[in-house]
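1. Sequence plus predicted model, see below.
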Amino acid sequence: DRSRSTRRREMPPLPQALRDGGPLASIREQLPAFRHRRELLDAISNGVSIVEGETGSGKTTQVAQYLLEEAVASGRPVNIICTQPRRISAIGVADRVASERGERVGERGGAVGYAVRGESRQCTDTSLLFCTTGVLLRMLEEDPELTNVTHVLVDEVHERTVENDFLLLTLKSLLKQQHANRNGSEQGSGRPGGALHVCLMSATMDSKVLVDYYGNDFSSVPRVKVGGRTFPVTQLHLEDALSITRHVVDSGADWCKHSQAAQRRAQRKENNRSEGERLPPPPSESDFMHRFPKADQGVCRAMAALDPDALNIALVCDLVSWFRRQGSLSGALRAVGASDGDRDSASMENKGEAVLVFLPGTKEIEDVRDALLRTELGRDADQREWILPLHGSLPAEEQKRVFLRPPKNVVKVVL
């Protein structure tokens with residue numbers, strides 16, 4: 001509902017105080033952001049601030065909650081908007097923050113809500129609204145001064161899109177206007193204290209770019225850098241996938257370089273070749289044997305037969321099926337000769353297994369899903385329900401399914 005999600009926001013009441021820090025307080029306190037709580041709040045008290053939070057730091061879920069808790073402690077209501085680049089991010093983060101506070105999203109008495117294209121869950125008690133960049137831009141159309149909004153947190157600011165860049169420009173203009181009026185009309189702005197605070201958050205962007213962009217107009221742009229919390233990753237490559245699955249390339253399949261489809265792709269590439277440009281010949285089986293001396297001949301033969309410009313759907317299916325047959329992540333790691341010694345096996349117990357497959361587009365997602373449903377996974381009634389597509393065209397309810405845990409002995413496959 002456009003009118004509900006983008007109309008002028010009223011100032012909500014004070015959020016409810018959390019008893020003992022909420023039901024997930026012990027987990028929240030383990031996040032790196034917790035050690036920087038005071039520093040973050042001090043920085044955000046400025047007009048513009050920057051938070052560099054590495055992956056796993058907790059910046060996305062914690063910074064806004066610190067503002068809610070500070071509002072309760074000071075007795076001053078806040079009205080926070082936190083943008084996310086995608087619908088599923090806005091919905092997923094809102095659900096997570098609400099669960100950490102022991103609330104349900106958008107319900108009376110709770111502080112957390114979200115608004116995305118086509119769906120809005122918020123109420124008069126909502127003090128923290130997660131939304132997409134597009135929704136905030138439409139809010140600015142309806143209310144150019146963002147009356148009653150006290151904080152705007154722009155997450156994943158490094159994602160350079162037209163919408164994101166326009167939002168940064170609009171917020172800069174709004175802050176300049178506020179700065180110019182600081183001694184005059186701020187008392188009539190409708191905001192407690194008359195100030196809008198903007199916090200730009202990113203894991204990867206060079207913050208100096210943002211400091212230079214905003215710093216010319218504002219005397220101070222404080223930066224807070226928060227370390228991340230990473231998890232062990234075992235890297236495997238195409239030759240490993242071919243080896244563990246014993247995959248054989250079907251000579252008639254689209255991804256075989258001898259197929260008619262591959263010949264058409266090669267012809268298009270030749271037609272698009274610039275004058276004077278020479279396309280290198282594809283590597284042969286002997287080339288791969290020289291490059292990978294430890295690989296067996298079947299692996300090198302398969303690599304030589306593959307068209308690198310095509311998605312090998314059969315290999316994806318073979319990999320997912322192989323992983324399921326190993327019975328667990330630990331089993332899969334042992335099968336490839338990797339150690340899971342750095343992983344906390346006890347914490348992973350009974351949490352289910354998952355496979356995440358990144359694909360180029362919606363068509364490929366549907367093609368792989370159809371192929372998986374024709375394998376042993378599709379013949380298992382419980383398992384077939386957990387082969388889940390994920391893309392922006394899906395309704396929000398279907399997107400949210402990817403966050404659910406599968407039953408025991410079922411692997412969640414997200415495409």
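-> Looks like it came in fine. Remember, predicted model here, so these are calculated numbers, not experimental data. Numbering: from 1, shown residues only.

2. Where does the residue nearest to Ser49 when sequence neighbours are not counted sit, in terms of helix or strand?
-> Counting by C-beta to C-beta, 6 or more residues apart in numbering, Ala43 is the residue found nearest to Ser49 once chain neighbours are left out, at 4.2 Å. C-beta: built from backbone N, CA, C; applies to glycine. Secondary structure assignment for Ala43, by DSSP states H and E: helix 37-44.

3. how far out from the middle of the chain is that helix?
-> 24 Å (C-alpha atoms, centre = their mean, to the nearest Å).

4. Val224 and Asn46 touch, don't they?
-> No: when contacts are counted by C-beta atoms under 8 Å, Val224 is not listed as touching Asn46 (11.0 Å).

5. what's the following helix or strand after the lowest-mean-pLDDT helix or strand in the chain?
-> Sorting the helices and strands of the chain by mean pLDDT, DSSP states H and E puts helix 345-348 at the bottom, at a mean of 46. Counting by DSSP H and E, the next helix or strand C-terminal to helix 345-348 is strand 353-356.

6. So which residues make contact with the following helix or strand past that following strand?
-> Later in the chain than strand 353-356, the nearest helix or strand by DSSP H and E is helix 362-373. With C-beta atoms under 8 Å, 6 or more residues apart in numbering as the test, helix 362-373 has contacts from 311, 313-314, 316-317, 320, 357, 359, 378, 384, 387, 389-391, 393, 413, 415.

7. can we see that at 10 Å?
-> 254, 311, 313-314, 316-317, 320-321, 357-359, 361, 377-379, 383-384, 387-394, 413-415 (C-beta atoms under 10 Å, 6 or more residues apart in numbering).

8. average model confidence for the helix holding Ala43?
-> Average pLDDT, helix 37-44: 96.

9. residues of the next helix or strand after that helix that come out buried?
-> Sequence order places strand 48-53 as the next helix or strand after helix 37-44, per DSSP H and E. Buried residues in strand 48-53, counted by 16 or more other C-beta atoms under 10 Å: Val48, Ser49, Ile50, Val51, Glu52, Gly53.

10. Show the pLDDT at the fourth one.
-> Reading off the per-residue confidence, Val51 sits at a pLDDT of 94.

11. Distance-wise, check the closest residue to it other than its chain neighbours relative to Leu242.
-> Once flanking residues are discounted, Val51 sits nearest to Met201: 4.5 Å by C-beta to C-beta, 6+ apart. Separation of Met201 from Leu242 (C-beta to C-beta, to the nearest Å): 40 Å.

12. For this protein, identify the residue most remote from the centre.
-> Outermost residue of the chain with respect to the C-alpha centroid, by C-alpha atoms, centre = their mean, is Gly276; its distance is 42.3 Å.

13. Now that residue: phi and psi?
-> phi 90, psi -10 (degrees, to the nearest 10).

14. Same question for the one 10 residues further on.
-> Main-chain dihedrals, Ser286, degrees, to the nearest 10: phi -70, psi -30.

15. Was I right to think it contacts Cys300?
-> Yes: between Ser286 and Cys300 there is a contact under C-beta atoms under 10 Å: 8.0 Å.

16. Among those two, which residue is more densely surrounded?
-> Cys300 (23 against 10; other C-beta atoms under 10 Å).

17. check contacts around that one.
-> 239, 242, 283-293.

18. what about 7 Å?
-> Glu285, Phe288, Met289, Phe292 (C-beta atoms under 7 Å, 6 or more residues apart in numbering).

19. what's the pLDDT at it?
-> pLDDT, Cys300: 95.

20. Dihedrals phi and psi, it?
-> According to degrees, to the nearest 10, Cys300 has phi -70, psi -40.

21. What separation do you get for it and Phe292?
-> On the measure of C-beta to C-beta, Cys300 and Phe292 end up 7 Å apart.

22. give the contact list for Glu285.
-> Glu285 neighbours (C-beta under 7 Å, 6+ apart): Cys300, Arg301, Ala304.

23. What's the separation between the residue nearest to Ser49 and Gly252?
-> 61 Å.

24. before we move on, what about Asp382?
-> Taking C-beta to C-beta, one finds Asp382 at 33 Å from Gly252.

25. Tell me, how many residues neighbour the nearest residue to Gly58 once chain neighbours are set aside?
-> Leaving aside its sequence neighbours, Gly58 sits nearest to Leu31 (C-beta to C-beta, 6+ apart; 3.3 Å). Using other C-beta under 10 Å, Leu31 has 19 other residues around it.

26. So Leu31 sits against Thr61, correct?
-> No: the pair Leu31 / Thr61 is not scored as a contact, 8.0 Å apart, by C-beta atoms under 7 Å.

27. give me every residue that touches Ser243.
-> By C-beta under 7 Å, 6+ apart, the residues touching Ser243 are Ala295, Val299.

28. Can you name the helix or strand that it falls in?
-> Taking DSSP H and E as the criterion, Ser243 maps to helix 238-245.

29. where along the stretch 1-150 of the chain do the helices fall?
-> 2-6, 25-28, 37-44, 59-74, 87-100, 133-142 (DSSP state H, counting those that start in this stretch).

30. Please tell me how far Ala338 sits from Thr230.
-> 17 Å.

31. Low-confidence stretches in the stretch 201-350 of the chain?
-> 216-219, 339-350 (pLDDT under 70).

32. For it, which segments count as helices?
-> Using DSSP H, counting those that start in this stretch, helices in the stretch 201-350 of the chain cover 207-215, 238-245, 260-271, 285-291, 297-305, 313-326, 329-335, 345-348.

33. Just send the ones you listed back as a markdown table, with distance to Glu107 too.
-> Converted to a markdown table, these look like this (distance: least, C-beta to C-beta, whole Å):
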| stretch | distance to Glu107 |
| --- | --- |
| helix 207-215 | 36 |
| helix 238-245 | 46 |
| helix 260-271 | 52 |
| helix 285-291 | 58 |
| helix 297-305 | 54 |
| helix 313-326 | 38 |
| helix 329-335 | 36 |
| helix 345-348 | 30 |
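
34. Good, wrapping up.
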